[in-house]
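Novice: structural data only, the sequence is not supplied:
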């Protein structure tokens with residue numbers, strides 16, 4: 001019989017597909033800590049434990065790697081990210097507990113849990129990267145175990161994750177200045193597959209870290225292509241850049257809110273031709289009018305109808321750039337397009353910060369830039 005966690009009916013629909021929800025590393029840590037505490041108090045194995053997540057879900061989670069003696073106890077809960085593409089899916093999140101002479105419940109991170117090295121995060125520099133909500137969940141779970149046992153003394157809780165340091169390389173942690181392992185995360189306790197809110201929250205977190213470090217300007221690429229072009233085409237290290245995925249508008253909103261002075265985007269033409277038309281989420285499911293906008297900009301630059309029709313029949317912007325180069329119209333088209341990109345970004349942020357862009361093609365390299373791009377670029381050289 002399959003073990004029921006309490007998430008059997010929790011799913012989301014994305015592109016007509018049913019995607020299963022999971023539970024966070026914070027939920028795993030809280031469940032493991034509660035089970036370990038009960039093992040310490042009652043000196044017996046606890047194969048399953050229940051916690052209530054911040055969103056009110058009752059989770060029934062199995063424990064693994066159980067160990068106890070009179071002095072301490074430990075066990076693990078296996079992370080299940082559902083159908084979310086999650087680097088921590090399947091990891092065992094461990095908790096080790098023991099009684100403490102000091103009152104209260106004291107939580108720290110052990111091997112595989114990262115340490116904060118930069119200001120701006122929810123935890124202070126030097127503390128374990130166990131976020132505020134998971135700490136509250138762990139504390140509440142252990143307090144419940146103490147209540148069941150009639151124990152009112154202090155407790156020490158260590159959360160640790162074997163292989164966490166290796167897995168952390170696949171997460172945002174290196175960019176955030178979190179070293180040595182993963183973060184114990186989660187605000188609702190539940191993982192919602194491919195949540196846009198979670199992606200935007202991770203972008204916000206990286207921006208907040210940079211702002212707390214005193215940075216006033218952002219160098220942003222939508223994805224890996226931009227990072228590659230920064231390094232190979234512009235000879236600029238990508239270590240100080242950050243990615244915004246498709247969320248150009250949200251990135252501008254957050255930068256204005258946090259008081260940044262300017263943003264330089266380095267982006268592929270396929271993304272930013274959409275921005276020239278005022279489209280601020282560049283994912284194809286929101287708008288895929290690349291050919292139409294390329295054709296419109298080309299006509300403004302002097303292209304005839306035959307050229308415009310050829311551009312309209314293209315599948316990729318790389319093909320469209322080939323046609324523009326063949327017709328000796330590429331430079332003129334970029335001259336028309338770049339001011340429109342800048343105007344769209346300025347409109348979105350209400351003129352609250354400098355907004356510049358450099359646009360490239362994978363095949364042909366550099367294509368164009370906004371008028372203030374070079375001046376802003378000097379701040380990153």
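Specialist: Ah, there it is. A quick note: this is a predicted structure, and the numbers were derived from the prediction, not measured.
Novice: okay, now the unreliable bits of the protein?
Specialist: Along the chain, segments meeting pLDDT under 70 span 1-2, 15, 194-195.
Novice: could you redo the last one with a cut-off of 80?
Specialist: Counting by pLDDT under 80, the ranges of the chain that qualify are 1-3, 11-17, 85, 119-122, 172, 175-176, 194-198, 238, 284-285, 381.
Novice: and the next helix or strand past the longest helix seen in the chain?
Specialist: In the chain, ranked by residue count with DSSP state H as the criterion, the top helix is helix 330-349. On the C-terminal side of helix 330-349, the nearest following helix or strand under DSSP states H and E is strand 354-361.
Novice: tell me the angle of the helix or strand just after that next one relative to strand 354-361?
Specialist: Where DSSP H and E defines the elements, the next helix or strand beyond strand 354-361 is strand 365-369. Angle of strand 365-369 versus strand 354-361, following axes from the mean of the first three to the mean of the last three C-alpha atoms, to 10 degrees, is 150 degrees.
Novice: buried residues in strand 365-369?
Specialist: Residues of strand 365-369 classed as buried by neighbour count (16 or more other C-beta atoms under 10 Å): 367-369. For every residue, glycine as well, the C-beta is placed using N, CA and C.
Novice: direction included, what does it pair up with?
Specialist: Sheet pairing of strand 365-369 (DSSP bridges) gives strand 354-361 (antiparallel).
Novice: pretty sure residue 173 contacts residue 114?
Specialist: Yes - Residue 173 is in contact with residue 114 according to C-beta atoms under 8 Å; the separation is 5.4 Å.
Novice: neighbour count winner among the two?
Specialist: Legend: neighbour count by other C-beta atoms under 10 Å for residue 173 and residue 114, higher for residue 114 (27 against 22).
Novice: picking that back up, out of the buried residues of strand 365-369, which is nearest to residue 144?
Specialist: Nearest to residue 144, judged by C-beta to C-beta, of the buried residues of strand 365-369 is residue 369 at 58.4 Å.
Novice: ok now do that closest one, which residues does it touch?
Specialist: By C-beta atoms under 8 Å, 6 or more residues apart in numbering, the contact list for residue 369 reads 338, 356-359.
Novice: returning to what we had before: okay, and the common contacts of residue 173 and residue 114?
Specialist: Counting by C-beta under 8 Å, 6+ apart, the common neighbours of residue 173 and residue 114 are 129, 179, 181-183.
Novice: now list the buried members of those residues.
Specialist: 129, 181-183.
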